[in-house]
Each structure stands twice: as C-alpha cells, then as structure tokens.
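Participant: build me a model:
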Amino acid sequence: MLCFFGLLFGGLAIRSSREEVMMRTMPATAATVLSLRPHKSDFAADIAFTRIANGASVACRDKIFLGGRDESAHVGAIVRLIPRPDSCGEAVVIGPRNTTLLAAISGMALLSSLVSGVIAAQSMLRKRPTA
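Facilitator: Just a heads-up that it's a prediction; the model follows:
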C-alpha cells in the first residue's frame with residue numbers, strides 16, 4: 001500500500017515538474033472567465049482565449065477547473081494559462097505547483113515501504129523455537 005502511494009505521488013510530482021518546465025519555456029496567454037460555477041471541491045470555468053497556430057490567431061473557448069485555490073475568481077477575471085499548440089483544449093492553468101512536496105511524500109512512502117519489507121523479511125527469517 002505504501003509503495004502504491006509512493007508511485008502515485010511520484011507520478012503527480014513528475015506531472016507537476018513537466019508543467020513547471022512548460023511554464024518556463026512556452027508562451028503564456030491571458031484567458032477571460034466567461035462563467036464560473038462550483039464543481040465538487042473546486043470551480044469549473046468557461047473561458048475564452050486566443051492562441052497562435054501557424055502564425056495566425058485562433059479564438060478558443062474551453063472549460064477548465066480552477067481548483068479550490070482560486071475562490072477570488074469571478075466572471076470577467078483574467079486567468080493565465082499555456083494553450084496547447086495543436087488544439088484549444090487541455091490548456092495548463094498557471095498557478096502554484098507543489099512539486100517539491102509531492103516528491104518528498106513520494107520518497108517517504110517508498111522508503112517506508114522498503115523499510116517495512118526489510119523488517120517483514122527479517123522477521124520471517126528469524127529462527128523460532130520449536131516445542
């Protein structure tokens with residue numbers, strides 16, 4: 001179970017790290033929030049933005065999830081994002097990333113799994129008195 005959580009958080013850390021690299025290397029654009037509604041523990045927003053494709057501007061509309069971190073968002077607010085170069089969907093919203101925290105949790109879970117496995121193996125190898 002600990003190994004599973006370690007791999008899960010490791011995958012999230014890798015994804016967050018890739019998004020950080022995207023934020024440093026790819027051009028960002030501003031998107032306007034057209035509508036906003038609560039969705040589970042975060043907010044779903046319909047947005048409009050412009051992306052550049054083959055030197056031409058393309059008007060896009062998409063639905064994104066802002067997460068619970070942005071309660072101050074309202075209709076007409078500006079959200080920074082990185083659009084995909086080939087489509088209007090699945091833009092990456094620029095916001096805080098927890099890469100270091102996710103990597104630390106992943107490492108602790110994997111290390112705990114390893115220690116638990118070693119302890120279990122040692123207890124199985126220990127000689128038991130027979131009656």
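Participant: the residue nearest to the spatial centre of the chain and residue 55: what is the separation?
Facilitator: In the chain, the C-alpha nearest the mean C-alpha coordinate belongs to residue 16, at 5.0 Å (Cα atoms, centre = their mean). Relative to residue 55, residue 16 is positioned 31 Å away (Cβ to Cβ, to the nearest Å). Where you see a C-beta, it was placed from the backbone N, CA and C, and this is true even at glycine.
Participant: one more: residue 127?
Facilitator: Distance from residue 127 to residue 55, by Cβ to Cβ: 76 Å.
Participant: same question, residue 46
Facilitator: 27 Å.
Participant: cool, and residue 81?
Facilitator: Counting by Cβ to Cβ, the gap from residue 81 to residue 55 is 21 Å.
Participant: cool, residue 38 as well?
Facilitator: For residue 38 relative to residue 55 (Cβ to Cβ), the value is 39 Å.
Participant: between the two, tell me which one has more neighbours.
Facilitator: Higher neighbour count among residue 38 and residue 55: residue 38, with 9 against 5, using other Cβ atoms under 10 Å.
Participant: phi, psi for the more buried one please.
Facilitator: Backbone torsions for residue 38, taken as degrees, to the nearest 10, come to phi -70, psi 140.
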